[in-house]
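Q: coordinates only, sequence not included:
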């Protein structure tokens with residue numbers, strides 16, 4: 001009788017190990033799959049990390065959109081990172097230039113990388129960055145500061161129900177990733 005129970009336990013352990021391995025593999029595949037999904041659908045406010053050229057289809061003077069900006073420092077990066085303008089009014093199709101301010105308040109050199117997010121997420125597909133500090137890493141020496149530029153426009157096809165967009169950047173310390 002114990003032999004039958006031992007075989008059942010052995011089969012159960014094998015099945016459970018297979019489930020654990022499948023879950024582990026799925027966990028590794030989840031991040032790339034999520035990034036592809038967000039890139040295709042524009043969900044979660046992920047914006048493009050590549051510069052675009054201005055399409056020059058004209059400016060929609062009948063619509064005015066409020067564009068809000070947030071600057072956040074991730075935990076562990078001793079920088080002051082802030083917007084130089086909290087918001088701007090923009091017509092779809094109009095090109096705007098805004099600046100952010102960053103200062104390395106530590107006693108050692110740090111390389112920062114800004115990661116953007118747009119709210120509402122659907123609007124990410126209509127925000128086109130011509131120039132953005134988020135396209136590259138920002139090395140700042142100890143005590144150094146810099147103005148960081150963002151030049152962008154909103155697509156004229158931005159849905160009519162979207163009247164306010166929030167673009168937030170979170171600045172991360174990527175010094176260790178650059179050094180390796």
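A: Structure received. Keep in mind the model is a prediction, meaning the values are calculated, not measured.
Q: start and end of stretch 86-96, how far apart?
A: Criterion C-alpha to C-alpha, to the nearest Å; first-to-last residue distance in stretch 86-96 is 14 Å.
Q: no wait, stretch 64-79
A: 34 Å.
Q: buried sites along the helix or strand hosting residue 139?
A: In this structure, residue 139 is located in strand 138-140 according to DSSP states H and E. By 16 or more other C-beta atoms under 10 Å, the buried positions in strand 138-140 come out as 138, 140. Backbone N, C-alpha and C define where each C-beta goes, glycine included.
Q: list phi and psi for the most centrally placed residue in the chain.
A: Against the mean C-alpha coordinate of the chain, by C-alpha atoms, centre = their mean, the closest residue is residue 116 at 3.3 Å. Main-chain dihedrals, residue 116, degrees, to the nearest 10: phi -90, psi 160.
Q: please tell me how far it sits from residue 170.
A: Separation of residue 116 from residue 170 (C-beta to C-beta, to the nearest Å) stands at 8 Å.
Q: where does pLDDT dip in the chain?
A: Scanning the chain for pLDDT under 70 picks out 1-3, 28-57, 179-180.
Q: can you pull out the helices in it?
A: Along the chain, counting by DSSP state H, helices occupy 2-41, 175-179.
Q: remind me what the shortest one packs against, helices and strands.
A: Looking back up the chat, that one is helix 175-179. For helix 175-179, the elements it packs on are strand 110-119, judged by 3 or more C-beta pairs under 8 Å, 6 or more residues apart in numbering; DSSP states H and E.
Q: how far out from the middle of the chain is the strand holding residue 139?
A: 18 Å (C-alpha atoms, centre = their mean, to the nearest Å).
Q: same thing with stretch 132-141?
A: Remark: stretch 132-141 is offset 14 Å from the chain centroid, using C-alpha atoms, centre = their mean.
Q: residues of it that come out buried?
A: 132, 133, 134, 138, 140.
Q: hang on, isn't the first one packed against residue 169?
A: Read it as residue 132. No - using C-beta atoms under 8 Å, residue 132 is not in contact with residue 169; the gap is 9.1 Å.
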